[in-house]
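K.L.:
predicted structure and sequence below. I'll ask about it afterward.
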Amino acid sequence: MPRKKPFSNKQKKKQLQVKRERKRGDTGSGPNSRNASTERGKEREPQSDTSDSETTDVRKINQQPSHREGRHDPNRYRLHFEKESREEVERRKKRAREKILEPAAEADLEIDINDIYPPEKGLDFPRRPSWHYEMTREQLLRKEEKLFGEFLETLHSKNPPGSLSHFEHNLETWRQLWRVLEMSDVVLLIVDIRHPVLQFPAALYHYVTNELHKQVILVLNKVDLCPAALVLAWKHYLSSLFPHLHCVCFTSHPGQPYSTVLQKKRIRRKVGWCQAGGPVQILRACQDIVAGRVDLSSWEQKIQRDAANDCQEGELLEEGESVLVEHYSDVAMEMVNSSQELYKDGVLTLGCIGFPNVGKSSVLNSLVGKKVVSVSRTPGHTKYFQTYYLTPTVKLCDCPGLVFPSRVDKQLQILAGIYPIAQLQEPYSSVGYLYERMPFHAILRLKHPNGEGEDGEAKWTAWDICEAWAERRGYKTAKAARNDVYRAANSLLRLAVDGRICLCLRPPGYTPQRDKWEIHPEVTEIIALQGKREEDGAGERDEEEGESSSEPEEEEDRDADGDDEEGEEDDDDGGGGFLKPGQREGLRPKMMVNMFSVLGENECE
Ligand SMILES: Nc1nc2c(ncn2[C@@H]2O[C@H](COP(=O)(O)OP(=O)(O)OP(=O)(O)O)[C@@H](O)[C@H]2O)c(=O)[nH]1
């Protein structure tokens, strides 16, 4: 058979863009066309992973094809992060090639919230300025912009250059937070249980509880990806630091911890949105909070009905239970009266707030029991807030993901899924960061490009890891057919973000006390929520494994990171896992056992 011509992801994306533009009747010759900008980028710099066509200090992510007269601006709500200098990017690349990676100490996985959000560093978020009806729309917008500028100045004055992590510089997105906070009676602050401490801005909690006098339910989401003992330890840690919090564990993918990439479509058909673990717990927390001031019986009945029907995807909503969607105009966003009245018209409004990719939309879909908002593995997918009536007395509001200012390591931030991986300028150091905390070369059966050292041990740099993965996966550059290291790095990061190589942080002091948490009486409750059987320890594969297809997965499925909304068929990829729950946690020796057996045949071939 003739050798298949290598076709890179980049080429594929370009091909798709051209196709889309052709469909829209764009010849690609205009100054703003995607083709034109790609060509411009090419002229200036040959390396795709360091190119950036913007001239300001802010890097705009998820750029959409240009805005046209008379049509809405698709770039209005995209993520804006501070741009890194080319020198910094090149320095990190060089380091990724040269630095031999060393295993990090277990204690490195323990993270104190005060290290991420040090109270003395003024890591606040932009607040909405006061306004009155005599102000014109333009006056208000100008005031907001002025205050936002001052907010950035104060932040930078307290934090030297380079010390702050990526955070949202798009005022439009903060405006949506303001609106959602104003209209919500209760805030559902959603975090990813693998790293909740990165996504819990203390300033927001204090603002909502002390200034807005509203309650916060902390949703520890994706608990299927984390050992139950660790979930419990995080829950206790955060509740003890923030006593007014109502903590709830949640998963939209219960009982799917052992699936592999190849199985994902099969499993999703069996587990619909309505089988999530945690809606009852959210209902109970709301009942505590509203204390009878809103009639939540319709919600309770809905949950009971769903449980009794064992609903299937797409079959959930009954007559008279339709989901209403409210769209907000700009005017509503800008000049709305921030009424302090709680439970207006006897309706409880729940605002889903959180960082990108933590699963806000999935929580909302799970509460409704049906896909009403789109879900994607690409952070920043939800662009503007929308509301949905769960029942006549319960309204849900989905807010776009927000990246609050913090001091977390940027490499870790990327592993936590806040940055669209395909748009990373330098992915290698995050691969190195992951590898030092979770040496996965054996799991992925990587062969060192230079063979073993004299002592029989291979010494890996981040670059070597990516090179070896490119070799194993057959990622080649289109022109020279060399190993496509950039693509391999992206692929590895995606495995981490999806939870297939699963790095879980721990609360301070967890490691020496792990045994205590493992036998804690509340652990069984969490295991039940995760949808696991207790006997599901290390060792056996999921029973469905044998039925999985032997067809290799399409490259695009695994690697694409464009506007990749997860459709009805595909929206389940987060549940996949190479490692079993007890094995997923950092560098535990137990994790190294059976690593080979947890790989599907085609996953590393
Ligand atoms: N394993 C697992 N994955 C999940 C869970 N919930 C969501 N995901 C995955 O996480 C990714 C992001 O989910 P979304 O619901 O789109 O997250 P979001 O917070 O709305 O994201 P933005 O639109 O960026 O703000 C998707 O790939 C989901 O499949 C969960 O409970 N378990």
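P.N.:
Now that the structure is in, tell me what you want to look at.

K.L.:
for this protein, where's the lowest mean pLDDT among helices and strands?
P.N.:
Lowest on mean pLDDT, DSSP states H and E among the helices and strands of the chain sits helix 589-592, with a mean of 33.

K.L.:
this structure - how does it break down into domains?
P.N.:
According to automatic domain parsing, the chain comprises the domains 93-107+409-598, 108-398.

K.L.:
weakest of these in terms of mean pLDDT?
P.N.:
Sorting the domains of the chain by mean pLDDT places domain 93-107+409-598 lowest, at a mean of 74.

K.L.:
what residues does the stretch 51-200 of the chain have near the ligand?
P.N.:
Neighbours of the ligand within the stretch 51-200 of the chain, by Cβ under 6 Å from any ligand atom: none found. Backbone N, C-alpha and C define where each C-beta goes, glycine included.

K.L.:
strands of the stretch 51-200 of the chain, start to end?
P.N.:
Using DSSP state E, counting those that start in this stretch, the strands of the stretch 51-200 of the chain run over 58-61, 79-82, 186-192.

K.L.:
what packs against the longest one?
P.N.:
Packing partners of strand 186-192 (3 or more Cβ pairs under 8 Å, 6 or more residues apart in numbering; DSSP states H and E): strand 215-221, helix 279-290, strand 348-354, helix 360-368.

K.L.:
which residues are in contact with the longest helix along the chain?
P.N.:
Across the chain, the longest stretch assigned as helix under DSSP state H is helix 137-158. Defining contact as Cβ atoms under 8 Å, 6 or more residues apart in numbering, one finds that helix 137-158 is touched by 120-124, 126-129, 131, 135, 164, 169, 171, 174-175, 331, 334-335, 405.

K.L.:
got the buried residues for that helix?
P.N.:
Buried residues in helix 137-158, counted by 16 or more other Cβ atoms under 10 Å: 140, 144, 147-148, 151, 155.

K.L.:
same question, stretch 474-482
P.N.:
475-477.

K.L.:
so which of those residues are in strands?
P.N.:
If you go by DSSP state E, the buried residues of stretch 474-482 have nothing in strands.

K.L.:
take those residues and keep only those in helices.
P.N.:
Per DSSP H, those never map to helices.

K.L.:
tell me the one of those residues nearest residue 185?
P.N.:
residue 475 (49.3 Å; Cβ to Cβ).

K.L.:
and the closest one, how far is that from residue 17?
P.N.:
For residue 475, the distance to residue 17 equals 20 Å [Cβ to Cβ, to the nearest Å].

K.L.:
same question, residue 217
P.N.:
41 Å.

K.L.:
between the two, who's got more neighbours?
P.N.:
Between residue 217 and residue 17, counted using other Cβ atoms under 10 Å, the more crowded position is residue 217 (20 against 17).

K.L.:
identify the bridge partners of the more buried one.
P.N.:
residue 188, residue 246 (DSSP bridges).

K.L.:
contacts only, for residue 219.
P.N.:
Contacts of residue 219 by Cβ under 8 Å, 6+ apart are 188-191, 248, 250, 278, 282, 354, 363.

K.L.:
tell me where the stretch 101-250 of the chain has helices.
P.N.:
Along the stretch 101-250 of the chain, counting by DSSP state H, counting those that start in this stretch, helices occupy 113-116, 137-158, 171-183, 202-206, 228-241.

K.L.:
save the ones you listed as JSON lines, and put in distance to residue 440 too.
P.N.:
Listed next are the helices of the stretch 101-250 of the chain as JSON lines, based on distance: least, Cβ to Cβ, whole Å:
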{"stretch": "helix 113-116", "distance to residue 440": "25"}
{"stretch": "helix 137-158", "distance to residue 440": "36"}
{"stretch": "helix 171-183", "distance to residue 440": "34"}
{"stretch": "helix 202-206", "distance to residue 440": "33"}
{"stretch": "helix 228-241", "distance to residue 440": "19"}
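
K.L.:
go through the ones you listed and name the closest to residue 91.
P.N.:
Within the helices of the stretch 101-250 of the chain, the stretch nearest residue 91 is helix 137-158; the backing value is 21.4 Å (Cβ to Cβ).

K.L.:
can you give me the angle that closest one makes with helix 171-183?
P.N.:
Here helix 137-158 points in a direction 100 degrees away from that of helix 171-183 (axes from the mean of the first three to the mean of the last three Cα atoms, to 10 degrees).

K.L.:
please renumber the chain so that the first residue is 6 from this point on.
P.N.:
Sure, I'll start numbering at 6, so the last one becomes helix 142-163.

K.L.:
dump helix 142-163 to CSV, restricted to CA.
P.N.:
Extracted in CSV, the C-alpha atoms of helix 142-163 (Å, rounded to 0.1, in the frame of the first residue of the first chain):
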residue,chain,number,x,y,z
ARG,A,142,-25.7,54.5,27.9
GLU,A,143,-22.5,56.0,26.7
GLN,A,144,-21.8,57.6,30.0
LEU,A,145,-22.2,54.3,31.8
LEU,A,146,-20.0,52.5,29.4
ARG,A,147,-17.3,55.1,29.8
LYS,A,148,-17.5,54.9,33.5
GLU,A,149,-17.3,51.1,33.4
GLU,A,150,-14.2,51.3,31.2
LYS,A,151,-12.5,53.8,33.4
LEU,A,152,-13.1,51.8,36.5
PHE,A,153,-11.9,48.7,34.8
GLY,A,154,-8.7,50.5,33.8
GLU,A,155,-8.2,51.5,37.4
PHE,A,156,-8.8,48.0,38.6
LEU,A,157,-6.0,46.7,36.3
GLU,A,158,-3.7,49.5,37.4
THR,A,159,-4.2,48.6,41.1
LEU,A,160,-3.7,44.9,40.4
HIS,A,161,-0.5,45.5,38.6
SER,A,162,0.8,47.9,41.3
LYS,A,163,0.5,45.1,43.9
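
K.L.:
what about the nearest residue to residue 421 once chain neighbours are set aside, distance to the ligand?
P.N.:
The shortest distance from residue 421 to any non-neighbouring residue, by Cβ to Cβ, 6 or more residues apart in numbering, is to residue 200 (5.0 Å). Taking Cβ to the nearest ligand atom, to the nearest Å as the measure, residue 200 falls 13 Å from the ligand.

K.L.:
quick one: end-to-end length of stretch 374-393, please.
P.N.:
For stretch 374-393, the first-to-last residue distance is 12 Å (Cα to Cα, to the nearest Å).

K.L.:
quick one: buried residues of stretch 244-260?
P.N.:
246-247, 250-260.

K.L.:
sorry, wrong one. I was asking about stretch 407-414.
P.N.:
Those would be 407-411, 413-414, for stretch 407-414 by 16+ other Cβ under 10 Å.

K.L.:
can I get those residues in JSON lines with secondary structure and distance to residue 116?
P.N.:
Shown next, in JSON lines, are the buried residues of stretch 407-414 (DSSP: H, G, I helix; E, B strand; the rest coil; distance: Cβ to Cβ, whole Å):
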{"residue": "407", "secondary structure": "coil", "distance to residue 116": "20"}
{"residue": "408", "secondary structure": "coil", "distance to residue 116": "17"}
{"residue": "409", "secondary structure": "coil", "distance to residue 116": "16"}
{"residue": "410", "secondary structure": "coil", "distance to residue 116": "17"}
{"residue": "411", "secondary structure": "coil", "distance to residue 116": "11"}
{"residue": "413", "secondary structure": "coil", "distance to residue 116": "8"}
{"residue": "414", "secondary structure": "coil", "distance to residue 116": "10"}
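
K.L.:
among these, which pair sits farthest apart?
P.N.:
407 and 414 (19.2 Å).

K.L.:
separation between residue 497 and residue 449?
P.N.:
Taken as Cβ to Cβ, the span from residue 497 to residue 449 is 8 Å.

K.L.:
shared neighbours, the two?
P.N.:
Counting by Cβ under 8 Å, 6+ apart, the residues touching both residue 497 and residue 449 are residue 474.

K.L.:
higher neighbour count, these two?
P.N.:
More neighbours surround residue 497 than the other of residue 497 and residue 449, with 27 against 19 (other Cβ under 10 Å).

K.L.:
contacting residues around the more buried one?
P.N.:
436, 439, 470-471, 474, 506 are the contacts of residue 497 under Cβ under 8 Å, 6+ apart.

K.L.:
next: residue 352.
P.N.:
The neighbourhood of residue 352, defined by Cβ under 8 Å, 6+ apart, consists of 299, 397-400.
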